[in-house]
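[1] Got a sequence here, can you model it:
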Amino acid sequence: MVKVTLTGKMECRSVRIDPSVLADPEMLEDLVTAAFNDAVNKANEESGKRMSAATAGMPIPPGMKIPGLF
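    I've put the predicted structure just below:
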(Lines give C-alpha, C1' and ligand atoms only; values in the text may rest on other atoms or scores of the structure.)
Protein backbone atom coordinates (compact mmCIF):
# COMPACT_ATOMS: atom_id res chain seq x y z
CA MET A 1 0.00 0.00 0.00
CA VAL A 2 3.04 2.26 0.52
CA LYS A 3 6.29 1.98 -1.41
CA VAL A 4 9.45 3.95 -0.62
CA THR A 5 12.42 4.00 -3.00
CA LEU A 6 15.86 5.00 -1.71
CA THR A 7 19.25 5.42 -3.32
CA GLY A 8 22.32 3.64 -2.01
CA LYS A 9 23.10 6.83 -0.12
CA MET A 10 19.75 6.54 1.70
CA GLU A 11 18.22 9.47 -0.17
CA CYS A 12 14.50 9.14 -0.74
CA ARG A 13 13.69 9.08 -4.45
CA SER A 14 9.97 8.38 -4.33
CA VAL A 15 7.03 7.53 -2.11
CA ARG A 16 3.93 5.90 -3.59
CA ILE A 17 0.75 5.68 -1.55
CA ASP A 18 -2.31 3.66 -2.45
CA PRO A 19 -5.28 6.07 -2.30
CA SER A 20 -7.29 3.55 -0.28
CA VAL A 21 -5.18 4.23 2.84
CA LEU A 22 -5.61 8.01 2.80
CA ALA A 23 -8.80 7.78 4.85
CA ASP A 24 -6.96 6.41 7.91
CA PRO A 25 -4.10 8.75 8.92
CA GLU A 26 -2.79 6.52 11.73
CA MET A 27 -2.60 3.49 9.49
CA LEU A 28 -0.93 5.59 6.78
CA GLU A 29 1.72 6.77 9.25
CA ASP A 30 2.43 3.18 10.25
CA LEU A 31 2.61 2.05 6.63
CA VAL A 32 5.00 4.85 5.65
CA THR A 33 7.23 4.06 8.63
CA ALA A 34 7.28 0.35 7.78
CA ALA A 35 7.93 1.01 4.09
CA PHE A 36 10.80 3.38 4.86
CA ASN A 37 12.41 0.94 7.31
CA ASP A 38 12.05 -1.88 4.78
CA ALA A 39 13.69 0.26 2.09
CA VAL A 40 16.61 1.11 4.41
CA ASN A 41 17.10 -2.56 5.28
CA LYS A 42 17.06 -3.59 1.62
CA ALA A 43 19.51 -0.82 0.67
CA ASN A 44 21.88 -1.85 3.49
CA GLU A 45 21.64 -5.50 2.47
CA GLU A 46 22.42 -4.70 -1.17
CA SER A 47 25.30 -2.45 -0.13
CA GLY A 48 26.74 -5.26 1.98
CA LYS A 49 26.49 -7.72 -0.91
CA ARG A 50 28.24 -5.35 -3.28
CA MET A 51 30.97 -4.54 -0.76
CA SER A 52 31.55 -8.25 -0.11
CA ALA A 53 31.88 -8.87 -3.83
CA ALA A 54 34.26 -5.93 -4.23
CA THR A 55 36.50 -7.02 -1.33
CA ALA A 56 36.44 -10.76 -2.03
CA GLY A 57 39.92 -12.17 -1.76
CA MET A 58 41.43 -8.97 -0.37
CA PRO A 59 43.54 -9.45 2.75
CA ILE A 60 41.70 -7.52 5.44
CA PRO A 61 43.59 -7.18 8.75
CA PRO A 62 42.03 -9.00 11.72
CA GLY A 63 39.68 -6.77 13.68
CA MET A 64 39.23 -4.28 10.86
CA LYS A 65 35.59 -3.65 10.23
CA ILE A 66 34.25 -2.36 6.95
CA PRO A 67 31.00 -0.39 7.36
CA GLY A 68 28.04 -2.26 5.95
CA LEU A 69 29.70 -5.67 6.11
CA PHE A 70 29.59 -6.54 9.79
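
[2] got the residue ranges for the strands in the chain?
    2-6, 12-17 (DSSP state E).

[3] Check the offset of stretch 21-35 from the chain's centre.
    Put simply, stretch 21-35 sits 18 Å off its chain's centre (CA atoms, centre = their mean, to the nearest Å).

[4] no, scratch that, I was asking about stretch 26-36
    Its chain's average C-alpha position is 15 Å from that of stretch 26-36, according to CA atoms, centre = their mean.

[5] How about stretch 13-27?
    Here the centre of stretch 13-27 is set off from its chain's centre by 19 Å, with CA atoms, centre = their mean.

[6] what's the answer for stretch 28-45, then?
    On the basis of CA atoms, centre = their mean, stretch 28-45 is displaced by 7 Å from the centre of the chain it belongs to.

[7] Can you list the buried residues in it?
    Using 16 or more other CB atoms under 10 Å as the test for burial, stretch 28-45 gives 28, 31-32, 35-36, 39, 43. Heads up, the C-betas are built off the backbone N, CA and C, glycines and all.

[8] and those, which of them are in helices?
    28, 31-32, 35-36, 39, 43 (DSSP state H).

[9] just to revisit the earlier point, of all the strands of the chain, which lies closest to P59?
    Distance to P59, taken as CB to CB, is lowest for strand 2-6 among the strands of the chain, at 32.3 Å.

[10] counting contacts, what elements does the closest one pack onto?
    Other elements packing on strand 2-6 under the criterion 3 or more CB pairs under 8 Å, 6 or more residues apart in numbering; DSSP states H and E are strand 12-17, helix 25-55.

[11] which one of the ones you listed has the lowest average pLDDT?
    Ranked on mean pLDDT, the bottom entry among the helices and strands packed on strand 2-6 is helix 25-55, at a mean of 90.

[12] which residues does the residue nearest to the spatial centre of the chain contact?
    By CA atoms, centre = their mean, the chain has its centre lying nearest to V40, at 1.9 Å. V40 makes contacts with 6, 10, as judged by CB atoms under 8 Å, 6 or more residues apart in numbering.

[13] And it, how far from T7?
    Distance, V40 to T7, using CB to CB, to the nearest Å: 11 Å.

[14] Likewise for G48?
    From G48 across to T7, the span is 16 Å (CB to CB).
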